[in-house]
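>>> Got a predicted model here, sequence first, then my questions.
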Amino acid sequence: MSSTPIVAFNNARLAYGRRVLWQDLNLQVAPGEFLAVLGPNGSGKTSFINTMLGTTALDAGQVSIDGQPVRRGSRAVGLIPQQRPFGDNVPLRARDLVALGVDGTKPGVRLARRAVAKKVDELLELVGASGYANRAISDLSGGEQQRLRAAQALAGDPRVLLCDEPLLSLDLHHQQAISQVIHQQAVRRGSAVVFVTHEINPILPYVDRVLYLAEGRFHIGTVDEVMQSHVLSELYGAPVEVLRVNGRIVVVAGAGGRELPADGHEHPQIADDVAHRDGK
Ligand SMILES: Nc1ncnc2c1ncn2[C@@H]1O[C@H](COP(=O)(O)OP(=O)(O)OP(=O)(O)O)[C@@H](O)[C@H]1O
């Protein structure tokens, strides 16, 4: 990996009022690197992504992309957003949505129509969406729509691809396929991936480092460094057990699987993982 980072946070701090989501964050994401961002609901994962999109301002420190201060609408940044269904009145076919990613964001540099169609076909193939290329978006399932969002984001060939829970509503096969496509793109193009998720297992083969946010604190390191009982217990301020089961990582709240007391609710990531462990 080259030493010039694609994303660089320098003494970054983000707070909403008196609530600090993180502070003293120094983080560099290298070309080709796959960073997973984990943490319970409300820990600040989407806000972290928003600071790289330029839609949320840090209240201390800096964040840069490719050596430049973050700028809203920058072509260097691609996004696969959290899933929201398209409304019934979106008059687009699947391939039109992907075409917007190929050509729609580059004023003045229009590709020939045939070149756009070829690129769109390649992208549809990449995410396994060729079979519904000409169907109306509003007729597609949530998972089918999400694959198109991935294709659209990849089309722009961004320096960093920000993924906000992109695997939600995808079946296991497509979770694996889309994760692999995102990883391959980063390796081939020397771009970076920042991947917010509640479920690390589908992306385990690709993750270089983890940023784990919880309770206004964070920990950064490799999967093996971060996904440790003592690290997560310290972050949550409560006992958390991290188990390895058949190559999967399972996070359990407290000794014997009791709920975390911090906010009176079981943290969803932990609940999800316990559900997986129990085969639900
Ligand atoms: N513009 C804002 N003003 C004030 N508070 C905000 C704002 N945006 C987010 N928050 C709060 O900051 C916290 C972090 O929100 P964020 O959406 O970043 O969390 P998250 O980790 O992505 O959560 P989830 O896993 O539920 O998607 C939440 O408590 C949220 O209510």
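Great, that's in hand.
>>> Strands of the stretch 151-280 of the chain, start to end?
Using DSSP state E, counting those that start in this stretch, the strands found in the stretch 151-280 of the chain span residues 160-164, 192-196, 209-214, 217-221, 240-245, 248-253.
>>> Compile these into JSON lines and extend it with columns for mean neighbour count.
Every C-beta, even on glycine, is put in place using the N, C-alpha and C of the backbone. Formatted as JSON lines, these follow (neighbours: other CB atoms under 10 Å):
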{"stretch": "strand 160-164", "mean neighbour count": "24"}
{"stretch": "strand 192-196", "mean neighbour count": "25"}
{"stretch": "strand 209-214", "mean neighbour count": "23"}
{"stretch": "strand 217-221", "mean neighbour count": "18"}
{"stretch": "strand 240-245", "mean neighbour count": "15"}
{"stretch": "strand 248-253", "mean neighbour count": "19"}
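>>> could I get these as TSV with mean pLDDT and distance to the ligand?
Formatted as TSV, those follow (pLDDT from 0 to 100; distance: least, CB to the nearest ligand atom, whole Å):
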stretch	mean pLDDT	distance to the ligand
strand 160-164	96	8
strand 192-196	97	7
strand 209-214	96	7
strand 217-221	95	12
strand 240-245	92	17
strand 248-253	90	15
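>>> anything in stretch 37-54 near the ligand?
Yes: judged by CB under 6 Å from any ligand atom, stretch 37-54 comes into contact with the ligand through 39, 41-47.
>>> how close does the closest residue to Arg189 other than its chain neighbours sit to Asp66?
With CB to CB, 6 or more residues apart in numbering as the criterion, Arg189 has its nearest non-adjacent residue at 6.5 Å, and that residue is Asp157. Asp157 sits 13 Å away from Asp66, going by CB to CB, to the nearest Å.
>>> quick revisit: in a markdown table: the strands of the stretch 151-280 of the chain, plus distance to Ser179.
Shown next, in a markdown table, are the strands of the stretch 151-280 of the chain (distance: least, CB to CB, whole Å):
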| stretch | distance to Ser179 |
| --- | --- |
| strand 160-164 | 9 |
| strand 192-196 | 8 |
| strand 209-214 | 15 |
| strand 217-221 | 20 |
| strand 240-245 | 19 |
| strand 248-253 | 15 |
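>>> Of the ones you listed, which is nearest Arg147?
strand 160-164 (12.8 Å; CB to CB).
>>> Summarise which helices and strands the longest helix along the chain is packed against.
Counting residues, the longest helix found in the chain (DSSP state H) is helix 172-189. Applying 3 or more CB pairs under 8 Å, 6 or more residues apart in numbering; DSSP states H and E, one finds that helix 172-189 contacts strand 34-38, helix 142-155, strand 160-164, strand 192-196.
>>> Sweet, I'm off.
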